[in-house]
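A.B. asks: show me the folded form of this:
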Amino acid sequence: MNALDRALQQQRRALDQAFADYDPTAATQRLASRIVQESLTAALLRSCPAPPPDSDKILTDPVTAQDRAATELEQLCREVIGRPSTSRLLTAFVNERLPAGAVVFSCLLYLTGRAEPAAFWWKFAAGADEDEAVHFLVLHHRVADEPRDEKRWASHIRNDVSPASPAQAPNANTTDRSATDPETYVTYAESGIREVEDPDFGEVCIPRTWLPGRMMLAGRI
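C.D. replies: Residues are numbered from 1 along each chain as shown. Alright, predicted model coming up:
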């Protein structure tokens, strides 16, 4: 027996000793059990809904509550300015500071980029129970991200009043012309807005006395 045969014989004896207690039947059962377990695990995973891809990067609505409020506020102001009663209510505001006219003037201020002066006159009108002015103030404070003031004015909203209810002047006649494009009114109003210093309220915007006539002229165009 050469050296190679002796080495192989020694290796065989070592393997025989290592596997002296080997039970092929038990090994087969363990293998089968492992295969079954892996199959059940795979089936369970397939039955579970997969998480959405990049679930931590789901995009949210880019339009915020402030953006929506700003859009709604501008739209409502345009509706007010486009009403046939615009010039008549402005006249009542110039002559008597009629609250319904203050709503119209405030909308003109807002559409000419004067949000805070507009809020001043909306508060004036809201204090005289003009419900439409309250809606404008709620939206104004939402745009400005002032939730405390927004909630305060929202608590004054009456459920039976629509935010688009037209402001009415006393003794309203039926001779108003059809609605005019708000852009026309805004263009004519810019030079008719005057800034004054009030001893109690600071800088306040008021209409020039000829502004209603200017609005009447705009309504005929």
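A.B. asks: switch to C-alpha atoms for all contacts and neighbour counts from now on
C.D. replies: OK.
A.B. asks: where does this structure have low pLDDT?
C.D. replies: By pLDDT under 70, the weakly predicted segments of the chain are 1-9, 11-12, 14-24, 26-61, 159-181, 218-221.
A.B. asks: so where do the helices sit in it?
C.D. replies: With DSSP state H as the definition, the chain shows helices at residue ranges 3-18, 24-47, 65-81, 86-96, 99-111, 115-127, 131-143, 147-154, 182-189, 211-220.
A.B. asks: first residue to last residue on stretch 79-89, what's the distance there?
C.D. replies: For stretch 79-89, the first-to-last residue distance is 14 Å (Cα to Cα, to the nearest Å).
A.B. asks: to clarify, my last question referred to stretch 193-202.
C.D. replies: First-to-last residue span, stretch 193-202, Cα to Cα: 16 Å.
A.B. asks: list the buried residues for that stretch?
C.D. replies: For stretch 193-202, the neighbour count (16 or more other Cα atoms under 10 Å) marks Ile193 as buried.
A.B. asks: please apply the same query to stretch 121-130.
C.D. replies: Within stretch 121-130, the residues that count as buried by 16+ other Cα under 10 Å are Trp121, Trp122, Lys123, Phe124, Ala125, Ala126, Glu130.
A.B. asks: check contacts around the first one.
C.D. replies: By Cα atoms under 8 Å, 6 or more residues apart in numbering, Trp121 lies in contact with Ala102, Val103, Phe105, Ser106.
A.B. asks: repeat for Phe93
C.D. replies: Contacts for Phe93 (Cα under 8 Å, 6+ apart) come out as Pro99, Ala100, Gly101, Ala102.
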